[in-house]
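A.B. asks: sequence and predicted model, in that order:
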Amino acid sequence: MRTLSSALTTAQQAASREPYVAVTVENLIGSLRRLDFTQLDNSGSSLGRHGVAVAGDGSVTRVAGNGAGRIDIQHIANPGAGSSWGSWGVLASGKGNQLAVAACGAHVVVVYNDAAGTGIYYVESTDYGASYGAETAVATAAAAVLGLAVALKNTGGDLAVAWLTAATLNIIKRTAGAFGAASGAGISTASLNGVAMCYGADWDIAVTGEEVTTNKRTLWTIAYGDGFDLAPNTWGVLNAQQQAESDSGVALIAPAIVYTDGYHLDYVEQATYGGGKTRTYRTTLHQLQSYVAGANIMSTPVPTSYFGVNGLALAADVSGTGWYYETAANLVTRAPQAQSLTTLTADVLAVAIDERGDATRGYVELDNAGGAYAGPPAPIALGNRVNLSWGYRTASGLQSSQMAGLSIASYEYRRAGGVSTLRLQVEGGWELLRRNRQRAQVVQTSGVSWFQLLSRVMSRAGLNLTSSGASARATGTTPQFTIDPQTSGFDAVQQALAFLADRIRMNVLGGVLTERLAGAASTYTYGGAHPLREARLVGAPPPVSDVQVHGLLAIGEDIDYASAAVGLGTRELARDLNAVNGANAITSATARRRQRALDAPAGALVVPPNCGQEVLDLVDFTDAAISASAVKRRVAGIDWRYERRRGVYEQTLHLGAA
């Protein structure tokens, strides 16, 4: 149950209550700022390698190679639709075909290789990109450089340069004006073709190429430590984030990465068959996820309409209130990073939300008298976050508690009887999981716990997962698990939960994995201080009385003998290849029967809303006509209802087994 202030608790239990329902809409998709792009230019240089950077004064620097050793540069002091985006100068000639650019504060750094292909050099500006110093050597690669990346750490000019050769990744850092020794990542790949880097928590790197042995085309992430997630000057693990099968006829190339409110990563799927489309895709990482959390944690990629083979470069004003840029040598687009939040509370006529253990859907209806919401106005838009809080007027003023995260699934204008309304259909995290389908097979090998596996599935749908009181099996067992192509995130989560006694409860930023123990204490009481308007108690058997799990050379079972003896409930047979002995098989069977026991219906309560009530909470109620002692049941679902015109403000708690 969400924690409430004493004033709010007192108000919701009072004989006389004044409802308060607060609603805001914000330009968030998942945990990250919604990016609505505007095209500023589509002219420009040839379609060679390119990069973009935003300095501390908001100026934009673009670099592009013409494929014949010339590096063009553009500096736009006041970026906008009227800027001279078509105007380029020459930075250098007689160079190689690899380049990159980065900026922080007044520093702008451009790196490139020489005509021989192995020498790495840079030029630097300390006046926001207006002018540059002399060319300076960085390092000499052991073989031809196939990719370059640069990132600045701070306004003092500390930076790192990363480069690729055929199958190696290297990095060199400059601290206090001096370069140290280069460090090789020691990774195993069949080949590498692209690299990108930003400074987030550490030196965070993305690379593309082919996986060793399988030859799957792959986008990986890896970090070089700077003391946050990893110890300084140590390499992390190479983690596959997106893959294509070796026979799919596509290559993954041209990564780009930027860290703003979170990690944004673009890459190109290049068609290698006749008639195929080459396209840039976008993927992100939830704000609360660590960059080194593991494989398959980036969101399922979404396509863009850009088809250039060198993809889109990324940059952003690090203040988080300026502009986010996606550019190519022949394209400039940008999107505002600023928050756009609108409070709808005063116009809310009705709210109906149905929360269940695996779904959240409903609507918010707004008064549209005089066409106040014609359009509708920003930030009311499909996909945007809806923050919905339930509360009362208290002795300390209006107070409320925000329920699990919602987003706009659709909207509907209604006009009848002289009344005009706008109805926002909203949905929760389970619906995001249902829509999120895997593009390729995802194989989780042993070494990843059930909790980590579930966390990665949810992260691919833009949701974060934490644990609170999760079972030892969920956090300590490391199964082998495969998610097939076209499987939804919802199905993958349900398949994994079938092997656990735990369940997921959605919250504002995602969900929490927790084991619902039968002997747990009640979190709230109804029928005493909190009025009980209606009560219905159902006595029903669990849907399953006997579970038998077949493992590897072992069988485990868990039986509710009382239900089985009178023929109530069914036998459920399951196959668990991760159960390698009898003890594992029994644990799996026990967890599975516990899951199914929670599905038994137990009735319902109708009450004035408890603003902190959540699905899966254990509650009790007293009613002398039903039981001489308090009845303890688990909340299986919540129907929230508010209708201003009819004076309705109530909550129906659908009960399940404890």
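C.D. replies: Great, that's in hand. Numbering: from 1, shown residues only.
A.B. asks: point out the other helices and strands that the helix or strand hosting Ala102 packs with.
C.D. replies: Assigned by DSSP states H and E, Ala102 belongs to strand 95-104. Under the contact definition 3 or more Cβ pairs under 8 Å, 6 or more residues apart in numbering; DSSP states H and E, strand 95-104 sits against strand 50-54, strand 60-65, strand 107-114, strand 147-152, strand 159-164. Yep, even glycine has a C-beta here, placed from its N, CA and C like the rest.
A.B. asks: just the strands in the stretch 151-300 of the chain please.
C.D. replies: 159-164, 169-175, 178-179, 183-184, 191-199, 203-210, 217-224, 239-244, 250-259, 263-271, 279-285 (DSSP state E, counting those that start in this stretch).
A.B. asks: out of those, the one nearest Ser471 is which?
C.D. replies: For the strands of the stretch 151-300 of the chain, proximity to Ser471 was assessed by Cβ to Cβ; strand 239-244 is nearest, at 26.1 Å.
A.B. asks: quick check: mean pLDDT across that closest one?
C.D. replies: When pLDDT is averaged along strand 239-244, the result is 93.
A.B. asks: lowest average confidence across helices and strands of the chain, where is it?
C.D. replies: strand 442-444 (a mean of 80; mean pLDDT, DSSP states H and E).
A.B. asks: tell me the helix or strand right after that one.
C.D. replies: Remark: after strand 442-444, the chain's next helix or strand is helix 450-460, criterion DSSP H and E.
A.B. asks: so how far is that next one from its chain's centroid?
C.D. replies: The offset between the C-alpha centroid of helix 450-460 and the centroid of the whole chain comes to 11 Å, using Cα atoms, centre = their mean, to the nearest Å.
A.B. asks: just want the angle from it to strand 239-244.
C.D. replies: Put simply, helix 450-460 runs at 50 degrees to strand 239-244, going by axes from the mean of the first three to the mean of the last three Cα atoms, to 10 degrees.
A.B. asks: what residues does helix 450-460 touch?
C.D. replies: By Cβ atoms under 8 Å, 6 or more residues apart in numbering, the residues outside helix 450-460 that reach it are 285-286, 289, 293-300, 429, 433, 436, 438, 444, 448, 464-465, 467, 470, 473-475, 477, 479, 481, 483, 489, 492-493, 496-497, 499-500, 504, 510-511, 513.
A.B. asks: now with 6 Å?
C.D. replies: The set of residues that contact helix 450-460 without belonging to it, under Cβ atoms under 6 Å, 6 or more residues apart in numbering, is 286, 289, 296-297, 299-300, 444, 465, 467, 470, 474-475, 477, 481, 489, 492-493, 496, 500, 510, 513.
A.B. asks: so what does the very next helix or strand once past that helix touch, helix or strand wise?
C.D. replies: Reading on from helix 450-460 to the C-terminus, the next helix or strand found by DSSP H and E is strand 464-467. For strand 464-467, the helices and strands in contact under the criterion 3 or more Cβ pairs under 6 Å, 6 or more residues apart in numbering; DSSP states H and E are helix 450-460, strand 510-515.
A.B. asks: what residues of strand 464-467 count as buried?
C.D. replies: For strand 464-467, burial by neighbour count (16 or more other Cβ atoms under 10 Å) applies to 464-465, 467.
A.B. asks: can I get these in JSON lines with pLDDT?
C.D. replies: Conversion of the buried residues of strand 464-467 to JSON lines gives the following (pLDDT from 0 to 100):
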{"residue": "Asn464", "pLDDT": "95"}
{"residue": "Leu465", "pLDDT": "95"}
{"residue": "Ser467", "pLDDT": "94"}
